[in-house]
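K.L.:
here are the coordinates; sequence isn't available:
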């Protein structure tokens, strides 16, 4: 199996058509081996346009989603990053390669262990992995220049926006099935935010995420 040819096809046929054109992001996708963050049983699916099961009801996001997140956040070398949901550690590694330091919080102990193992193998050292429930924020290392929610939320808890530095960016997928919206929120001042709707999508929800009050007939 020619992995480099398959990787090239993934980038050219899945990722570029999804308007991911940032040369730094594309270069990183060539360099950081996605297949090493996929469970052995699913390794043949590493470059397929699908969410790969991680167990415990969790999934690895599609390659094009991971790439688009990186591009939209415009991660800089000085950025302190909070990631909610470590998964297999692949998006964690991508963020760490672009930023200064990543604080990644995973609620499932087995996945935190998996992410830690994968990051060590990839020699990614500028990450602190925490095991815990960050569905309503993780202020311990804040404020953050970048925040990424790797699962969806019915509405965006205000605590995440308030955990940003001025100029900080937040990526989240907000809404309920069958319609969710990927959002980019930028903190302009201490009291003002810019909110951009990027694209429609659907991804699994964060565990224990706050549910809004719903009208009952």
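P.N.:
Right, received. Where do you want to start? Everything numeric here is computed off the predicted structure, so don't read it as measured data.
K.L.:
so is residue 78 in a helix, a strand, or just coil?
P.N.:
Assigned with DSSP: H, G, I helix; E, B strand; the rest coil, residue 78 falls in the coil class.
K.L.:
Pull up the gap between it and residue 99, please.
P.N.:
Counting by C-beta to C-beta, to the nearest Å, the gap from residue 78 to residue 99 is 8 Å. (C-beta placed from N, C-alpha, C; glycine too.)
K.L.:
Contacts only, for the most centrally placed residue in the chain.
P.N.:
Centroid-nearest residue in the chain: residue 150, 4.3 Å away (criterion: C-alpha atoms, centre = their mean). Neighbour list for residue 150: 61, 83, 84, 85, 86, 87, 91, 203, 206 [criterion: C-beta atoms under 8 Å, 6 or more residues apart in numbering].
K.L.:
so where do the strands sit in this structure?
P.N.:
Using DSSP state E, the strands assigned to the chain run over residues 52-55, 58-60, 80-84, 101-106, 127-131, 144-149, 164-176, 179-187, 193-201.
K.L.:
if you count residues, which helix in this protein comes out on top?
P.N.:
Using DSSP state H to define each element, the chain has its longest helix at helix 109-121.
K.L.:
could the strands of the chain go into a markdown table alongside distance to residue 114, mean neighbour count and mean pLDDT?
P.N.:
Formatted as a markdown table, those follow (distance: least, C-beta to C-beta, whole Å; neighbours: other C-beta atoms under 10 Å; pLDDT from 0 to 100):
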| stretch | distance to residue 114 | mean neighbour count | mean pLDDT |
| --- | --- | --- | --- |
| strand 52-55 | 8 | 17 | 93 |
| strand 58-60 | 10 | 22 | 95 |
| strand 80-84 | 15 | 25 | 98 |
| strand 101-106 | 9 | 24 | 98 |
| strand 127-131 | 10 | 16 | 97 |
| strand 144-149 | 18 | 25 | 98 |
| strand 164-176 | 22 | 19 | 97 |
| strand 179-187 | 25 | 18 | 96 |
| strand 193-201 | 24 | 13 | 97 |
